[in-house]
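S.K.: coordinates for the following, if possible.
(chains A, B, C and D)
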There are 2 protein chains.
Amino acid sequence: MEIVDLSTLPDSEARYTEFLKQVCEKHGIDHAAYAGMNPAAGTVAGYVTYGDDWKSHYQDQGLIMLDPTLHMTKRSIAPVDWSRLERSDNFQRVFRDAHDFGLSDQGVTIPVRGPYGDIGLLSATRDCSREEWKKQLSHVIGDLQSMAVHIHDTVVSSDEVTSSLYHPTLSTRESEILQWVAAGKSQQDIGDILSISHRTVEVHLRSSREKLNALTTPQAVGRAIGIGLISPG
Amino acid sequence: MEIVDLSTLPDSEARYTEFLKQVCEKHGIDHAAYAGMNPAAGTVAGYVTYGDDWKSHYQDQGLIMLDPTLHMTKRSIAPVDWSRLERSDNFQRVFRDAHDFGLSDQGVTIPVRGPYGDIGLLSATRDCSREEWKKQLSHVIGDLQSMAVHIHDTVVSSDEVTSSLYHPTLSTRESEILQWVAAGKSQQDIGDILSISHRTVEVHLRSSREKLNALTTPQAVGRAIGIGLISPG
DNA sequence: AAAGCTATTGGGGGTTTCCCGTATTTTTGA
DNA sequence: TCAAAAATACGGGAAACCCCCAATAGCTTT
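M.R.: All right, here's what the predicted structure looks like:
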């Protein structure tokens, strides 16, 4: 397998879509799409080979908020065949529209995770018979997996916006206190444990929330666990 | 590519090493190793095809604490060829010993991440010429990547199954509401979203806490994520 | 039919958290 | 080197959360 080195292509958004097109041609796929997201930073970046009409429709209708090929697959470790999503209401909703734009509801999405909570999703879709799709998938899934890793690795290491918000580094006190919170302690408890005021505990929790871009402490705890900064207590 | 379904093999630790052996045979690899870890909790589970002599040496010398094929690769997104680790002091130290046990210092490690901060590392090693290794790697890297995902997915979900007997079952509403809490919503927000009273939301949260044996909601969120009942929002 | 679980709503009141400040020390960057 | 930023620390007051209680309804199990 030869990997097209993304870092050697001209430096612009176009190189990613160009890469996706090459993946399509190589493996006989109709369309490919990549979505890179950083939940802790709240950022999403997407590159697709779809037509502009579908792209604008997708954008206008806010389908990104309910697209199950994003929100279901991002919780998975292994690739997810879209046939496993068919029962979802949102799936019906998104792909009922997609049909009007000549897009198939047959595809697969491959999740890739980085060490800081970042998630990459590479999707491939093709309009053909079920049997043909299954056969094709078994042949190219390994390659697609490598492609997914490659593009995600390149995007997160090159995207300046992402990389600036990339490292949510918690201070010693912050992760220490957040760990106690995950262990079920109150701010007063933690203050007693660390021999500081419970007011101070609250300040550290606040800055932890800000760094993790979390609205509430429970959300911050969840994200910190997801990233691996703390463990469930 | 045909994937050996791990879940159909006899239920024991042996099936993982058996799987690794099959990977070796299929791709002409000397040895394969898998390490599943929870970095925040500091727990590591490993399955290897190495001989018992090396295993005990590795254990006795505490090489797990400094093995760069674990600690360097777990920060990477893409597969790491061990040639990139050669400059590390710890690499020299670990593999100087390895040579005495007939193990090669030529290999690759593939990192895989799950949604709960869990990390799986699949390593493959072979004693041959540099050129031969590079050529072989380019052919099998896609398959290895799929294998890495497959084994990590299986290990993680089987751990869930084994521990699910000891874990509670949340009702639909409870997990639904807990998921919204993990997404940073307040009780009032959730009540509006679900079109129910915020008092009802609080009741469900309370029963969730009781079922999860959690003192606080943040702890409940953390545990639910750790168990896999919800995902970080 | 009664018991048990889930889902729903509400009152009252204590507890906890959260947002607004201020201040000192340490670290970082220009 | 010196200023800016971050980390650490503390407090008042408002908002949110949590605990005790009671009540209704649907649905499954015994």
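
S.K.: what's the first helix or strand after the worst-scoring helix or strand of chain A on mean pLDDT?
M.R.: Every helix and strand of chain A was ranked by mean pLDDT, DSSP states H and E. The lowest is helix A:160-164, at a mean of 51. For helix A:160-164, the succeeding helix or strand toward the C-terminus, using DSSP states H and E, is helix A:172-182.

S.K.: elements contacting that next one?
M.R.: In terms of contacts (3 or more CB pairs under 8 Å, 6 or more residues apart in numbering or on different chains; DSSP states H and E), helix A:172-182 is packed against helix A:187-194, helix A:198-211, helix A:217-227, helix B:217-227. C-beta coordinates here come from the backbone N, C-alpha and C atoms, glycine included.

S.K.: which of those is buried the deepest?
M.R.: Mean neighbour count (mean count of other CB atoms under 10 Å in any protein chain shown) peaks for helix A:217-227 among these, with a mean of 28.

S.K.: contacting residues around it?
M.R.: Surrounding helix A:217-227, the residues in contact under the criterion CB atoms under 8 Å, 6 or more residues apart in numbering or on different chains are A:39-40, A:116-117, A:168, A:170, A:175, A:178, A:181-182, A:205, A:208-209, A:212-214, A:230-232, B:40, B:115-117, B:181-184, B:217-222, B:225-226, B:230-233.

S.K.: do that again at 6 Å, thanks
M.R.: Applying CB atoms under 6 Å, 6 or more residues apart in numbering or on different chains, the set of residues contacting helix A:217-227 from outside is A:40, A:117, A:178, A:182, A:205, A:208-209, A:212, A:214, A:230, A:232, B:117, B:181-182, B:184, B:217-218, B:221-222, B:225, B:232-233.

S.K.: and what of stretch A:36-45?
M.R.: Outside stretch A:36-45, the residues touching it (CB under 6 Å, 6+ apart) are A:G117, A:D118, A:I119, A:G120, A:V155, A:T162, A:L165, A:P168, A:L212, A:N213, A:R223.

S.K.: can you check stretch A:141-152 too?
M.R.: Residues from elsewhere that reach stretch A:141-152 (CB under 6 Å, 6+ apart): A:1, A:3, A:23, A:34, A:110, A:112, A:120, A:122, B:1, B:78, B:141-143, B:145-146.

S.K.: of the residues you listed, which is the nearest to DNA strand D?
M.R.: A:G120 (27.2 Å; CB to the nearest atom of the strand).

S.K.: which residue of chain A sits farthest from its center?
M.R.: Centroid-distance maximum for chain A: A:S195 at 39.6 Å, with CA atoms, centre = their mean.

S.K.: phi, psi of it?
M.R.: phi 60, psi 50 (degrees, to the nearest 10).

S.K.: from chain B, how far out is it?
M.R.: 21 Å (CB to the nearest CB, to the nearest Å).

S.K.: now swap in A:H204 and tell me
M.R.: Taken as CB to the nearest CB, the span from A:H204 to chain B is 14 Å.

S.K.: show me what contacts that residue?
M.R.: Taking CB under 6 Å, 6+ apart, one finds A:R173, A:E174, A:I177 in contact with A:H204.
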